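Trainee: Kindly generate the corresponding structure for this input.
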Amino acid sequence: MKIALPSQLRLVSDKALLAALESDLTKVEAKIADATSHAEKVVDSISSHLAKAGGKRMRPVLTLLTSHLGTPGTNDVLDAAVVMEVTHLATLYHDDVMDQASTRRGVDTAHLVWGNNLAILTGDLLFARASNLVSGLGQEALSLQAKVFEQLVLGQLHETLGPDENEDPIDHYIQVLLDKTGSLIALSAQLGAMLSGADKSFQKPLEEFGHCVGIAFQLIDDIIDIESTKSQSGKVSGTDLLAGVPTLPVLLLVNHKDAESVELLAAINQGLNEQTLPGVLESLRAHPVMDEARLETRKWADKAIEAISPLPAGKVRTALEAFASAVVDRKG
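Mentor: Coordinates of the predicted model:
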């Protein structure tokens, strides 16, 4: 059975490349199922919960894509793709506890089904699985994974602490996104090239590409969280607002001093509940901050495309450019 590629790659014109990615992704999917399974029935139910729910598989696909800068399809490349997805899944178990989210990928979140403690421990288990897998890919891959693991934790820590007194809130937020999202996407792109024997000079452009795409991806998520329906994104609208998690539209709202904006910001800062959320969502959807947020998101996608200009012209760079552009156009 072939696994569908993320929507960001469906418009890529090189059919041979797409066919190769689909074939390798099918192999990766089987490896993901194995990596998230467990002999104990209860543990298996929890650890495989989100993997079985599906997902975009964006990170493993990037690993597979950039491996075409060298020799694609090796066992190391496939295993690296699995490491990227299992690491990502681990962060989702933790994030959903932190945000008290109720749905993820169209299913109930693990903490809602099994409780916070088991969800957190399952996230830890998946991090351990990813570490075991990456240890077989060589010292450089292991070191990069360890560095990114630290960034993931620091990103969540800094998000929870909030900006320092003299720190610009938007600058702080962008750094959080780079750490929480961009770092793993960057590593996904880097490992594919590195483990396929591609030129080492590609590493820095791919790292910068991943950082910028990750930021753009999360910024569009902020917009989707406000604008989309559950049927579009698989998540309930306003999850971040309910949890008090800062998002770009709300941060931009601070710059608007008209009475309506001040009142809207005050309502958000006071804390929202199921009764007050719909009115705030309606007001935000009609506010200029949404267009401002889209412009900022597009800026990061453009920076991602600019970052990979040193890569050789060809099918991989073209696909990466299409990927960055499509990230900011998604609806879910």
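Trainee: in which helix or strand would I find D302?
Mentor: Per DSSP states H and E, D302 falls inside helix 289-307.
Trainee: lowest-pLDDT helix or strand in the chain?
Mentor: helix 230-233 (a mean of 48; mean pLDDT, DSSP states H and E).
Trainee: which residues touch the helix or strand following it?
Mentor: As assigned by DSSP H and E, the chain's next helix or strand after helix 230-233 is helix 239-243. Contact with helix 239-243 is made by 98-102, 222, 225-226, 246-247, 250, 268, 272-274, 277, 280-281, as judged by Cβ atoms under 8 Å, 6 or more residues apart in numbering. Where C-beta positions appear, they are placed from N, C-alpha and C, glycine not excepted.
Trainee: swap in stretch 119-130?
Mentor: 35-36, 38, 43, 46-47, 49, 83, 86-87, 89-94, 96-97, 109-111, 114, 145, 149.
Trainee: Now with 7 Å, please.
Mentor: 35-36, 46-47, 83, 86-87, 89-90, 93-94, 96-97, 110-111 (Cβ atoms under 7 Å, 6 or more residues apart in numbering).
Trainee: Could you check how far that stretch is from the centre of its chain?
Mentor: Computed by Cα atoms, centre = their mean, to the nearest Å, the chain-centroid distance of stretch 119-130 equals 17 Å.
Trainee: Counting only helices, which of the contacts of stretch 119-130 make the cut?
Mentor: Those of these mapping onto helices are 35, 46-47, 83, 86-87, 89-90, 93-94, 96-97, 110-111, per DSSP state H.
Trainee: Those residues: which two are farthest apart?
Mentor: Among the ones in helices among the contacts of stretch 119-130, the pair separated by the greatest distance (Cβ to Cβ) is V83 and H111, at 23.9 Å.
Trainee: Neighbour count: those two, which is higher?
Mentor: Higher neighbour count among V83 and H111: V83, with 30 against 24, using other Cβ atoms under 10 Å.
Trainee: Please list all residues in contact with the more buried one.
Mentor: The contact partners of V83, by Cβ under 7 Å, 6+ apart, come to 130, 133-134, 145.
Trainee: Any buried residues in stretch 49-65, and which?
Mentor: Residues 49-51, 53, 55-65 are the ones in stretch 49-65 that count as buried (16 or more other Cβ atoms under 10 Å).
Trainee: how long is that stretch end to end?
Mentor: Stretch 49-65 has an end-to-end distance of 27 Å (Cα to Cα, to the nearest Å).
Trainee: tell me how far it is from the chain's mean position?
Mentor: Averaging C-alpha positions (Cα atoms, centre = their mean) puts stretch 49-65 10 Å from its chain's average.
Trainee: what's in contact with that stretch?
Mentor: With Cβ under 7 Å, 6+ apart as the criterion, stretch 49-65 contacts 5-6, 9, 21, 24-25, 28, 32-33, 36, 72, 77, 80-82, 84-85, 88-89, 92, 104-107, 110, 184-185, 188-189, 191-192, 316, 319-320.
Trainee: Could I have the buried ones of those residues as PyMOL selection syntax?
Mentor: This is the PyMOL syntax for the buried subset of the contacts of stretch 49-65, where burial follows 16+ other Cβ under 10 Å:
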select buried, resi 5+6+9+21+24+25+28+32+36+72+77+80+81+82+84+85+88+89+92+104+105+110+184+185+188+189+191+192+316+319+320
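Trainee: how about low-confidence regions in the stretch 51-200 of the chain?
Mentor: Across the stretch 51-200 of the chain, nothing is flagged by pLDDT under 70.
Trainee: need the strands for it, in chain order.
Mentor: Along the stretch 51-200 of the chain, counting by DSSP state E, counting those that start in this stretch, strands occupy 103-104, 107-108.
Trainee: among these, which is nearest D179?
Mentor: Closest approach to D179 among the strands of the stretch 51-200 of the chain is made by strand 103-104 (20.6 Å; Cβ to Cβ).
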